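K.L.:
Quick one, what's the 3D model for this:
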Amino acid sequence: MSHSDPHDTHQGLHDNLDQKHSPFPEPADLPRNDEIQNTETKETQNSHSVTEPKVEVFYEESCSDGKYHWTIESPPQISKEAANALGRADIKLFKIKDHDKFVFSGRYPMKPYRVEVQNPLLVGALAPIVRKENVHLDPLAVAVFKEPFYPLWFRHEEIVDLYNKMQGDELEPLLKAFIFVLAELFLELTAKAAGLQGIGLTNFKIAWTLFPRDSTVYGRSLNSEFVGKVDSIKYEGCPGERRLLITCKTISASGGGFFWEQRIMTIPEFTGNKPIHELGCWRLWLRKDKELITERLTARGRKVLELQGFAHCTYNGIVVRKTDSTTLRRNVNGRIVIDPQGYDKYCLNQGQREINDPEKDWMLPTFEELIFMSETISGFSLKDKLWFQFFVEDIQPIDWHDEAYSDFVFHEQKKELVLSLVLNHNMNNGTSRATQDVIVDKGKGLIVMLSGPPGTGKTLMAEAIADHLHRPLYRLEAKDLGTQAASLGTNFKRVSELTTAWNAIILLDEAEVFMAPREPGHVSQNGLSSAFLRELEYFSGIIFLTTHTIKTGIDSAFRGRVSVHLVFPPFTQQTREKVWSMFLNRLSQQRRRISEGREDVAPDEPNDEPYAISVDDKDVAQLALWGLNGREIKTAIQIVHNWCCNKNCEMTLARLEHGIRLVSPFSSKDMGLFDDSG
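P.N.:
Numbers count the residues shown, from 1 in each chain. All right, here's what the predicted structure looks like:
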């Protein structure tokens with residue numbers, strides 16, 4: 001007998017439950033199944049009963065249209081007594097054929113498919129319990145739970161506890177009947193889960209039972225580990241390609257502070273039984289090293305707190321860059337600026353509006369919540385000039401080259417002048433009152449032009465001053481700003497905003513591209529020069545401009561805008577002697593620190609075997625006769641250093657001169673360059 005609406009007929013569950021023992025905690029005074037009376041009155045047929053709750057069971061009927069059709073006629077393997085009608089039901093249990101089990105004589109075993117709770121009093125009692133599983137019930141509507149009944153499984157003990165507290169209350173018989181339904185739902189699952197998990201195993205079908213809501217799970221990402229708080233679970237996909245998706249929450253840092261962010265952990269479908277620790281993600285408390293993990297992740301969480309605001313650091317490792325369609329991975333080695341707010345604004349295009357979003361639950365993590373801190377934090381790679389997600393463990397403090405400024409070979413008074421200007425710029429907000437421009441916000445920038453041949457120390461001056469002051473150095477090239485007037489303004493404003501926020505110094509190499517003289521007929525170049533001049537007029541930060549031209553090739557308007565113009569002449573023999581001595585002394589000190597174990601070998605060093613540097617002052621004087629610039633001197637020393645490391649031999653004048661010939665084959669002693677015209 002088939003029914004499209006199963007409300008007209010009723011069927012009892014109790015005789016069927018007589019053969020089974022409930023796997024759940026036994027209520028204090030729960031009667032035996034055979035004590036439940038199957039009574040029927042006219043009153044209970046038309047209204048919900050409090051003292052005599054009714055449970056109705058519906059079975060899947062044979063059909064050919066691919067849809068479920070329900071019948072109150074029990075299958076042959078279930079007794080007619082168990083199919084007794086009880087009047088309008090408080091609880092309905094729907095069963096379907098279990099195709100995963102053996103078929104006996106053409107008869108399918110039945111399994112629970114859906115539970116409907118129709119009694120509003122019982123729905124109201126269950127609502128606050130299942131709300132903890134993020135299930136929200138309407139007390140005035142029928143509550144529907146479907147296979148595999150996640151919220152009922154994880155909260156069944158609370159339901160039993162509620163029953164034990166309701167002795168003598170009108171809820172008591174309703175909860176008692178519902179507990180028997182739970183026993184029917186989970187009899188087999190309870191035995192299976194307890195048996196397998198007791199020996200550290202699980203199968204794919206019941207793996208979900210390992211992840212109750214708000215439990216702490218451990219997992220590994222690309223280059224790190226993390227723990228999350230379970231929010232929800234579900235299966236998805238086709239048979240053979242199914243996945244268990246565990247949605248958990250970790251704490252992320254953003255421009256507005258910290259917030260819980262969802263991430264998904266995946267367990268692919270597998271056959272048979274599998275050790276729980278091989279699932280890829282599992283409960284933290286099941287790990288033997290849970291105390292060590294907690295200690296590590298708590299320390300990492302404290303590190304993230306220390307990185308808030310702007311943090312200038314160094315990094316060597318894998319980074320992640322997420323786009324709309326994919327996640328890019330690459331290696332970064334160099335200095336970075338940790339800046340979650342800048343990441344939101346310039347990479348995610350969220351800006352202050354997202355930061356002030358009232359619907360985002362901003363929070364400050366407690367000590368216990370530090371372990372949930374995300375393994376990555378957003379920032380900017382100064383070398384790559386790109387925004388990335390950096391793994392917190394690979395972020396390290398900078399080993400500042402404090403000696404770079406004192407070792408820098410240049411006119412001492414001019415060095416001190418530039419350093420003083422940089423130091424005083426921020427204290428005076430760019431300019432003093434006596435020198436302020438008539439136009440507000442105009443002329444507040446410190447613009448230092450450095451002109452001279454390649455390899456004379458222009459770039460090194462900016463690097464040395466930035467390191468001496470422990471400030472970020474943002475290197476710019478022509479391609480970063482663009483060669484069109486329209487894009488130049490936008491790009492320069494973005495860089496200016498960032499460097500001002502970071503208290504950074506800008507270095508623009510080969511700036512003559514943007515400062516060429518404006519001439520009639522050169523519309524494109526004239527527009528570029530005018531746009532760059534306009535940006536410098538309203539620039540309030542610090543920028544070093546390097547050029548190869550000294551007297552010509554620069555528009556006259558820029559000379560009036562530049563704060564200081566330093567000229568770097570070609571190296572004299574005396575200058576080269578100082579540069580050779582500086583590089584060799586620095587190398588000798590480094591080798592001594594390595595041999596004494598006070599410094600680690602850099603990743604790009606050939607080996608850690610110390611070698612002798614047999615070069616005296618007379619040898620340095622001979623080396624200074626070669627007409628090299630500073631960059632060529634440094635490269636020659638590096639080549640010979642690598643060769644001596646590999647061969648474990650001493651560094652001598654002869655080997656250094658051999659390196660010079662490799663670096664600059666047209667150079668010679670005394671003469672500077674070979675004359676190869678003949």
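K.L.:
And for residue 392, nearest residue in space, chain neighbours not counted?
P.N.:
residue 300 (5.3 Å; C-beta to C-beta, 6 or more residues apart in numbering). From N, CA and C alone the C-beta is placed, and that goes for glycine too.
K.L.:
The one you found: neighbour count?
P.N.:
For residue 300, the tally of surrounding residues (other C-beta atoms under 10 Å) stands at 20.
K.L.:
In a strand, it, correct?
P.N.:
No. Counting by DSSP: H, G, I helix; E, B strand; the rest coil, residue 300 is not part of a strand but helix.
K.L.:
Tell me how far it lies from residue 631.
P.N.:
Between residue 300 and residue 631 the computed distance is 40 Å (C-beta to C-beta, to the nearest Å).
K.L.:
got it, and residue 393?
P.N.:
Residue 393 is 35 Å from residue 631, by C-beta to C-beta.
K.L.:
Flag the shaky bits of the stretch 401-550 of the chain, pLDDT-wise.
P.N.:
426-443, 521 (pLDDT under 70).
K.L.:
Please, where are all the strands along it?
P.N.:
Under the criterion DSSP state E, counting those that start in this stretch, the stretch 401-550 of the chain contains strands at 446-451, 473-476, 505-508, 542-547.
K.L.:
hey, C-alpha coordinates of whatever helix or strand comes next after the last one in CSV?
P.N.:
Beyond strand 542-547 on the C-terminal side, the first helix or strand identified by DSSP states H and E is helix 556-561. Backbone C-alpha positions of helix 556-561 (Å, rounded to 0.1, in the frame of the first residue of the first chain) are rendered in CSV as follows:
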residue,chain,number,x,y,z
SER,A,556,66.5,72.2,-16.1
ALA,A,557,63.2,72.1,-14.2
PHE,A,558,64.5,69.1,-12.2
ARG,A,559,67.6,70.8,-11.1
GLY,A,560,65.4,73.3,-9.2
ARG,A,561,63.4,70.5,-7.6
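K.L.:
Not counting its own residues, what contacts helix 556-561?
P.N.:
443, 447, 449, 515, 517, 533, 536, 537, 565 (C-beta atoms under 8 Å, 6 or more residues apart in numbering).
K.L.:
Same check on stretch 119-136?
P.N.:
48, 50, 53, 90-91, 117, 137-143, 150-152, 154-155, 158-159, 162, 170-171, 174-175, 178, 213-214, 231-232.
K.L.:
Point out where the stretch 551-678 of the chain drops to low pLDDT.
P.N.:
In the stretch 551-678 of the chain (pLDDT under 70), the answer is 551, 595-610, 670-678.
K.L.:
Show me how the record splits this protein into domains.
P.N.:
2-196, 200-394, 403-567, 573-673 (automatic domain parsing).
K.L.:
what's the first-to-last distance across the second one?
P.N.:
Right, the one you point to is domain 200-394. 34 Å (C-alpha to C-alpha, to the nearest Å).
K.L.:
Could you do the third one as well?
P.N.:
Taking C-alpha to C-alpha, the span from the opening residue of domain 403-567 to its closing residue is 23 Å.
K.L.:
repeat for stretch 541-556
P.N.:
End-to-end distance (C-alpha to C-alpha), stretch 541-556: 22 Å.
K.L.:
Buried residues, it. List them.
P.N.:
Buried residues in stretch 541-556, defined by neighbour count with 16 or more other C-beta atoms under 10 Å: 541, 542, 543, 544, 545, 546, 547, 554, 555.
K.L.:
ditto for stretch 204-213
P.N.:
In stretch 204-213, counting by 16+ other C-beta under 10 Å, buried: 204, 207, 208, 209, 210, 211, 212, 213.
K.L.:
Just the C-alphas of that stretch, formatted as PDB.
P.N.:
The C-alpha trace of stretch 204-213 is given here as PDB (Å, rounded to 0.1, in the frame of the first residue of the first chain):
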ATOM      1  CA  PHE A 204      35.900   6.200   4.700                       C
ATOM      2  CA  LYS A 205      32.200   5.800   5.500                       C
ATOM      3  CA  ILE A 206      32.500   6.500   9.200                       C
ATOM      4  CA  ALA A 207      35.500   8.800   9.200                       C
ATOM      5  CA  TRP A 208      33.200  11.800   9.800                       C
ATOM      6  CA  THR A 209      32.600  10.600  13.400                       C
ATOM      7  CA  LEU A 210      36.200  11.700  14.200                       C
ATOM      8  CA  PHE A 211      35.400  15.400  13.700                       C
ATOM      9  CA  PRO A 212      32.800  16.800  16.000                       C
ATOM     10  CA  ARG A 213      32.100  20.500  15.700                       C
END
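K.L.:
in a helix, that's where residue 214 is, yeah?
P.N.:
No. Read with three-state DSSP, residue 214 is coil and lies in no helix.
K.L.:
mind listing what it touches?
P.N.:
132, 229, 230.
K.L.:
just these now: which is nearest residue 475?
P.N.:
residue 229 (41.7 Å; C-beta to C-beta).
K.L.:
pretty sure that closest one contacts residue 218?
P.N.:
No. Shown here, residue 229 and residue 218 do not form a contact pair, counting by C-beta atoms under 8 Å, at 11.6 Å.
K.L.:
Run through the stretch 201-350 of the chain and note the low-pLDDT ranges.
P.N.:
In the stretch 201-350 of the chain (pLDDT under 70), the answer is 350.
K.L.:
For residue 409, grab the count of nearby residues.
P.N.:
Using other C-beta under 10 Å, residue 409 has 19 other residues around it.
K.L.:
Okay, it and residue 616: tell me how far apart.
P.N.:
For residue 409, the distance to residue 616 - C-beta to C-beta - is 20 Å.
K.L.:
Restrict the contacts of helix 556-561 to the buried ones and give me that as a PyMOL selection.
P.N.:
To isolate the buried subset of the contacts of helix 556-561 in PyMOL, counting by 16+ other C-beta under 10 Å, use the following:
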select buried, resi 443+447+449+515+533+536+537+565
